Every structure is written in C-alpha cells, then in structure tokens.
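Chemist: I'd like to go over a predicted model; first the sequence, then the structure.
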4 protein chains.
Amino acid sequence: MTVTLLHYTPLIVCADAIRTCWQSFDKSDQGGEKDRELIDRVGNKFKHASTLEHLHYTFYIEGISRALLQELSRHRMASLSVKSTRYTLKELKDEAPFDPMDFGRATSYLVMTGVEIVDHMSVQALENLRQVLASGVSNDRAKYCLPESYKTELTWSINARSLQNFLSLRSDKSALWEIHDLAHTIYSAVPQEHQYLFAASIKGEGHE
Amino acid sequence: MTVTLLHYTPLIVCADAIRTCWQSFDKSDQGGEKDRELIDRVGNKFKHASTLEHLHYTFYIEGISRALLQELSRHRMASLSVKSTRYTLKELKDEAPFDPMDFGRATSYLVMTGVEIVDHMSVQALENLRQVLASGVSNDRAKYCLPESYKTELTWSINARSLQNFLSLRSDKSALWEIHDLAHTIYSAVPQEHQYLFAASIKGEGHE
Amino acid sequence: MTVTLLHYTPLIVCADAIRTCWQSFDKSDQGGEKDRELIDRVGNKFKHASTLEHLHYTFYIEGISRALLQELSRHRMASLSVKSTRYTLKELKDEAPFDPMDFGRATSYLVMTGVEIVDHMSVQALENLRQVLASGVSNDRAKYCLPESYKTELTWSINARSLQNFLSLRSDKSALWEIHDLAHTIYSAVPQEHQYLFAASIKGEGHE
Amino acid sequence: MTVTLLHYTPLIVCADAIRTCWQSFDKSDQGGEKDRELIDRVGNKFKHASTLEHLHYTFYIEGISRALLQELSRHRMASLSVKSTRYTLKELKDEAPFDPMDFGRATSYLVMTGVEIVDHMSVQALENLRQVLASGVSNDRAKYCLPESYKTELTWSINARSLQNFLSLRSDKSALWEIHDLAHTIYSAVPQEHQYLFAASIKGEGHE
C-alpha cells in the first residue's frame, strides 16, 4: 500500500485558532516550539479537542483491499472519494487470463495475504470475474463475485481529532492486520512536524 | 432482504421540539393533523432540517450483500453495528460442500443477482472459502477471498434528516439495483404515520 | 433549571445492536444484567463507542441562561430546537415595569448568579429591554440589548456517546458553574437503568 | 465585521478526489476549466456532495455580536474556536467609564443596530458590566449581565458542503440582519476561483 499526503493545514493555523480563545496572539512564536506545545496542551491534555479539527489532511491511499475499505469507511468523521467498481471494473475486460497458480500479474489487482490457499482462491475469483466481464455482463451485476481482496484506492480527508481516533483504534494489536498496517503507514505520511500530535495514539508495532 | 423497525421516536416529540422555538405548545393537537402539518412545513418547506433530527429510527437489516454494505456505510450520519466476518466466518466451517451448479443451499449465504454466470462464480467462491476455513486458516486471512455477494446484516440507526438524504439518493434509478431495492424496503418499514415525511424523497419505482 | 426526559431508546436495542456483530442473540437476557454488562464492556471498555450511538435521548431543558446556551451549542453531535428570541421576545411587551431593586418577578425571565451587583444589572437590563420593546422596536433589533442571563429553553436530542463526552467535559470543576449544574441535572434525568453508562463521565460534585 | 481567509484547499485537490472514482486523472487540466466544471457537475448537479467536503476553509471572523454567535454555532458541521468571555472579560476592567450618550468609544466593544434606543441600552449595559468587573466580581458571574451586542471573534473552519448549507440558509431575506450580512461577507472572502461553487447558494442582496 502507498499513502501520499496531498494537502494539509499548517500548524500555525491551529495555534492561532487556540489563541483566539485567550486573545493571546502576541505570545505566538509563529509555529515554533511555543505554538507546538500550546496545541498539545490545549488540544490533548486539556481535551479541548475541537481545536484540533482546524488541522485537515487529505491523503491518497492506494493498494488496499476492499476488505479494508469496509473497515475504513466506518470512520465517519472523514470524507472518502473511492475508486468505483461500478465505473471502473471494465479495466479487467481486456486482460489476458490469469493463471491461479501464478500470483505475479494478479498482484496489481489483489492484496495478497501471504497464506497460499487464500491467495490461490483470490486469483481464481479474479479470473472468474474477468470471464464474467468478458462475457458482457454489466459491472453492476458482475461485481457481486468480486473477492474482497480486490484492490481499491481513495482520496481521504480527515481532521486531526478524527485521525487521532482512527490511529488509536486501528494501530492496536487487535485490529485487522491490513488496517493496522495502514494506520502505521498513514502516521508516517503525516507531516513530520505534526507527528507529535499523534504519537500517543500509535500503539506498539507488533501484532499476531 | 428484510428490514425490521426496532425502535423510533413518536411524531409528537418532533412537533413539540418545533413548538419550543415559538413556545406554541398550546396549539398542539397531540400528534394529530396540525402537528403533522407543522413538521412538514417547518422541517421540509422552511428547511429547518435540524428539527427532523429529533426523529430517530433503529432498523434491523438482513439479507443484503457486502457489496451493498460498501455503499450503505458511505452514509455517515447514521450508526452501524454490522455482523463481523472476523468474528462469524466460522459459520461456514461445518457446512457440507456447496455444488456450484446448485444455487439452493447457497442462497442462505449469498445474494443472487439473477445473472447465471455471476451467481455460479459466487457459489464457486463460497465453496472455495469453505475449504479455506475447513483447512484451519484464520478468519482474518480467509475473508480476503470472500465474494462481495456474501450476505451480511446490521442494526442501523438514523435520524429523519439523514434518512431523507439516503432515500433521495438511493431510490434514484441511477443507484445500484440492490441499494435501490433497500431504499424502497426501508421506506416501507418506516412507521406509516411517518411516511409522509419521506414521500418526496422517494423516486419512481422503475430502474433498468 | 429543570430537565425532563421526553423519550429514549431502551437498553435492549443497544444490547441487540452489539450482538449483531457476533450474532450472539441467543446469549441475551432481554435487557437484564448480562446485556447491561455487555454494553459497558463493548461500548466503554473495548471503546467500540459507535455502539452507544444507538441509545438516543430527548430532553426538555428549562430555566437555563443564554450564557449557558452559548456553551451548550458547542456540543455539535446533538440536535437543538431552542426558544427563539426573534419569535418570542414580545412576551416582555405587556409586562409591568421591573424594579431593579426587586428580584422577585424578574426571576421568571433571568438566571440569577447570587452576586448582588450582577443580578441588579441584569434586572436593569431586563427593564431596559422591556422599554425598548414597548416602544415598538422589532425583536431583531431589540434583542441586541438582551442580557445573557435571559432564560431560554430547548428540546435537546443526543446519543449516549456524545452525552458521555458532554458530561465528562462539563461536570468538571473547571466548567462554568451553570453548565456544571446542568451536567449533573441531566445525569439525574437519564433513565436510572442507563445511569451506569455515564457514571465514569461524572466528576466530583464540588466546584469553586 | 471583518472576515479573513486564513487557509483553504486548492480546487485541484477536489477535482482529483472526484477523478479517483472514475480513475480519470488523465483528463485533468490541472485545476483549469475542465476541472472546475467537473466539480460543479459532480458535487452540485449530480449531488455527490461528499466530494465537496475535501475543500476546507479556515476564516477569522471579527466584529460580530454574541447574538449572531448564538446562530452561527447552530451550524454544527464546522469547527469554532471563539474568544472566551470567561478568559478575556478583564479587558473591560481598566477602561474609563462609558457615557451612555456617547456611542463612539463603545463601538469597539459593541455591535450597533442603528436603532438609537437599543444602542443606548447596550452602552448602558456595557458601562454596568465595566462597573461589575471593576468591583472585583469574577468573569464567570459578571458575564451574566453582558448584553448580546457584545463583540466577539472566532476562527471558523468549514468544508464547502457545509458552507453551501450555511450560505443558502443565512443569505436569505428571512435571516437575522447581522448573519445575513455575515453570509455575504464570507462569500466575498472565499477565494475568487471558488466562488462559482457557492453562487447558487447566495440569495438576493436586499432584506428589510
């Protein structure tokens, strides 16, 4: 999977928003250490979490499965524009047949689990779907035999408050392995000077 | 698919909420024709849509596909508690093998599209998934070869304002056939005395 | 202030929503001790907070100030229908003059702070407002000299997740005294069998 | 009143988000006329309003009354960080007395309505509040005699979808005069190349 940051709000906008409450703009150091500490203190420690909502991030997420998308879309304080199977499944139509024993070409369409029997069945389903589409069935019906390993991509916009919630729930060991990986990948894609706001939300790396 | 209404707010609560603004409680007819007309006038015609949020519905939705769930969960002003594949896929483990030529038993697990080749591939995927689970693979990996036709169910809570938005977008001809059917089924499950609030959101029955 | 519960969702609806995920309906004791423990475990301890959103409460809140309303309306995951000054200020027009030294009659219009000089100024402002209205000025202009102690009332709908957030922030000692009192009054108005879900959100009684 | 745009998302981010669905990135003209038309067509005409949520604006709003703030905060799909009376009322303490007949100095603290008797009463209330604070009463009690004409300021973040809703409701003739003016002032502060997205939300200029 790949996560690319497309746009974000500079920290100074959040620091100034907080300074609105106290009208303490003269104490700002223009996004420097004092402002950074202020955001952490008010937004995190004082739990005035609404101030973190001024920080808005837009990511492009590629190479995740539709199994993961089912979980990602439960985070409702975010905006998702997702590659539509209804509009794009035709991409499979002109592919040459997939050999269920050869995972190579299929990896551009499928997220592999590393468990051979599962991945074998996924490639089989991909080949079946290709045949269905080649036979002229519309996307709206064909998509019902799509395996959830099928890759998708999306533009995802989320504010810092909701992103903290996402990271703390999904970086946890009990989360589904793929969304656990996504949580860590998104954390790495956050601007480096913003990462300190999310460090407490990120849990240990290991999961079974 | 089946939609069951589990709980809802009586109309009188919404009418009284509106009467709060004008302090006109003495004009109420206790949820009668005057109150019903008031809700429609203020909530719909005057576009004071927040007043409709006091009406909160909880439905149990069964027999829809995970393909449909992908679309349903985009409606973020709603609360979803969904049958988890991570927790429940073991249900397939002890099933006898499915014959891809015999759709009968498979219909308790799969939403059929009516297109034979698609449904055939879905049953094939179901049988493959059964074998994967029988071989001892964990749900978290096995679920990647699940076909999106796999049936799920959920408890869905939504307020009248968000339900209007859902119905107007999804009862439209351009919507995916299954969610189009769901929109109409949900409309039928709304309490009869509440349906007038949603009539304008429901579009024509036909779709290609 | 007075808080009246107008409608709420029974606990069993939330317990069944949680059981949807595991399809464990057969373990329910119909809203009994097992179901109550399940809601606390999954919604609170496991932090699957979305399950608490199925519990939806509608309150009628009377006798709070518009100063408090400024803070209450910052809790955006809730629905407010508020007595409108634009529509109802005429209520003052036919009142006899208020004597700024006599707080008695004014208490039906004003929240008193217990600090004599403040309350005196509030009654003075009330009398001034009465004169403005009696002189024929429209509500939309007259309301600009309204003191924030002016009483208002509202219908307030909120789900259990958002109510927990409200109670934990506003029952805190650092909250404004009046909203601190409101937090405790609302907690008391929650159905008794639901209160255990909010006990951890309620902080100590004392505040300076 | 003054509205300053502090930060916003470029149109190209929204256009690319929409192109995610069709994977039609190759048709982009990098935020040019084709992209602009695409956003209008999909976000407005097709009512895929969630795509407009990727556009996020942060404004600084000064010189509005707390009467207006009561209405502004009802728009809940937005983030508000507001000058706090609890933290800042001390600003009045060291002021010289205000003469209720002289509106000049008071205009830095009060929104004037243009109706003499109202503004006179507001200045009277301002002077009364000054005396209360000078006598040593805490902000938390003193603020109860604050007139709603008292000026406030805030940092306000909102996405394009919610901003359309705000503008269409509040630029209407039936809106309170001051929020009607705010709607038009905010519209003017939107980046010029974004204004076409909101033109249909803005109603006629006149109001009584």
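Modeler: Yep, it's here.
Chemist: roughly how far apart are the residue sitting furthest away from the middle of chain A and D:F59?
Modeler: Distance from the C-alpha centroid of chain A peaks at A:D26, with 37.6 Å (C-alpha atoms, centre = their mean). For A:D26, the distance to D:F59 equals 21 Å [C-beta to C-beta, to the nearest Å]. To be clear about C-beta, it is placed using only N, CA and C from the backbone, and glycine gets the same treatment.
Chemist: same check on A:L133?
Modeler: 48 Å.
Chemist: can you check A:K203 too?
Modeler: 36 Å.
Chemist: C-terminal to the biggest helix by length in chain A, what's the next element?
Modeler: Determined from DSSP state H, the single longest helix within chain A is helix A:116-134. Where DSSP states H and E defines the elements, the next helix or strand beyond helix A:116-134 is helix A:139-142.
Chemist: following that following helix, which helix or strand comes up?
Modeler: As assigned by DSSP H and E, the chain's next helix or strand after helix A:139-142 is strand A:151-159.
Chemist: ok, that next one near chain D or not?
Modeler: Yes. Residues of strand A:151-159 contacting chain D under C-beta under 8 Å from any C-beta of the partner chain: A:153-155, A:157, A:159.
Chemist: return the member of those nearest to chain D.
Modeler: A:T155 (3.8 Å; C-beta to the nearest C-beta).
Chemist: the closest residue in space to that closest one that isn't next to it in sequence: which element?
Modeler: Counting by C-beta to C-beta, 6 or more residues apart in numbering or on different chains, D:A17 is the residue found nearest to A:T155 once chain neighbours are left out, at 3.8 Å. Assigned by DSSP H and E, D:A17 belongs to helix D:11-22.
Chemist: and that helix, how far from the chain's centre?
Modeler: Its chain's average C-alpha position is 27 Å from that of helix D:11-22, according to C-alpha atoms, centre = their mean, to the nearest Å.
Chemist: what packs against it?
Modeler: strand A:2-8, strand A:56-65, strand A:79-82, helix A:85-88, strand A:151-159, helix D:33-39 (3 or more C-beta pairs under 8 Å, 6 or more residues apart in numbering or on different chains; DSSP states H and E).
Chemist: least confident of those, on average?
Modeler: Of all these, mean pLDDT reaches its minimum on helix A:85-88 (a mean of 94).
Chemist: who are the packing partners of that helix?
Modeler: Counting contacts by 3+ C-beta pairs under 8 Å, 6+ apart, helix A:85-88 packs against helix A:139-142, helix D:11-22.
Chemist: how's chain A carved up into domains?
Modeler: As recorded under automatic domain parsing, the domains making up chain A are A:2-81+A:152-197, A:84-150.
Chemist: so what's the residue count around A:F46?
Modeler: For A:F46, the count of nearby residues is 13 (other C-beta atoms under 10 Å in any protein chain shown).
Chemist: list phi and psi for the closest residue to A:E178 other than its chain neighbours.
Modeler: Counting by C-beta to C-beta, 6+ apart, A:E178 lies nearest to A:L68, which is 4.7 Å off, once chain neighbours are set aside. When quoted as degrees, to the nearest 10, the phi and psi of A:L68 stand at phi -70, psi -40.
Chemist: so A:L68 touches A:A175, yeah?
Modeler: No. Assessed by C-beta atoms under 8 Å, A:L68 is found out of contact with A:A175, at 10.3 Å.
Chemist: which one of the residues of strand A:151-159 next to chain D is nearest chain C?
Modeler: Out of the residues of strand A:151-159 next to chain D, the member with the shortest distance to chain C (by C-beta to the nearest C-beta) is A:N159, at 12.8 Å.
Chemist: show me the contacts for the closest one.
Modeler: The neighbourhood of A:N159, defined by C-beta atoms under 8 Å, 6 or more residues apart in numbering or on different chains, consists of A:52-57, A:77, D:79.
Chemist: and what of A:A160?
Modeler: A:14, A:43, A:52-57, A:194, A:197-198.
Chemist: please redo it, this time with the cut-off set to 10 Å
Modeler: Contact analysis of A:A160 by C-beta atoms under 10 Å, 6 or more residues apart in numbering or on different chains lists A:8-9, A:11, A:14, A:39, A:43, A:49, A:51-57, A:190, A:194, A:197-198.
Chemist: what about it, distance to chain C?
Modeler: A:A160 is 16 Å from chain C, where distance means C-beta to the nearest C-beta, to the nearest Å.
Chemist: for that residue, give its distance to A:L197.
Modeler: Plainly put, A:A160 is 6 Å away from A:L197 if you go by C-beta to C-beta.
Chemist: list the residues that contact both of the two?
Modeler: Joint contacts of A:A160 and A:L197 (C-beta under 10 Å, 6+ apart) are A:11, A:14, A:39, A:43, A:52, A:55, A:190.
Chemist: pick the one among those closest to C:D35.
Modeler: Checking these against C:D35 by C-beta to C-beta gives A:L52 as the nearest, at 35.0 Å.
Chemist: who's in contact with A:K27?
Modeler: So A:K27 contacts A:15, A:19, A:34-35, A:38 (C-beta under 10 Å, 6+ apart).
Chemist: chain B: which of those residues is nearest?
Modeler: A:A15 (29.0 Å).
Chemist: distance of the residue nearest to A:Y144 when sequence neighbours are not counted from chain D?
Modeler: Nearest residue to A:Y144, sequence neighbours excluded (C-beta to C-beta, 6+ apart): B:S149, at 4.0 Å. For B:S149, the distance to chain D (C-beta to the nearest C-beta) stands at 22 Å.
Chemist: and B:S149, how many neighbours?
Modeler: When counting by other C-beta under 10 Å, one arrives at 28 neighbours for B:S149.
Chemist: tell me the pLDDT at it?
Modeler: pLDDT, B:S149: 98.
Chemist: just A:P100 next, same as before
Modeler: A:P100 is given a pLDDT of 88.
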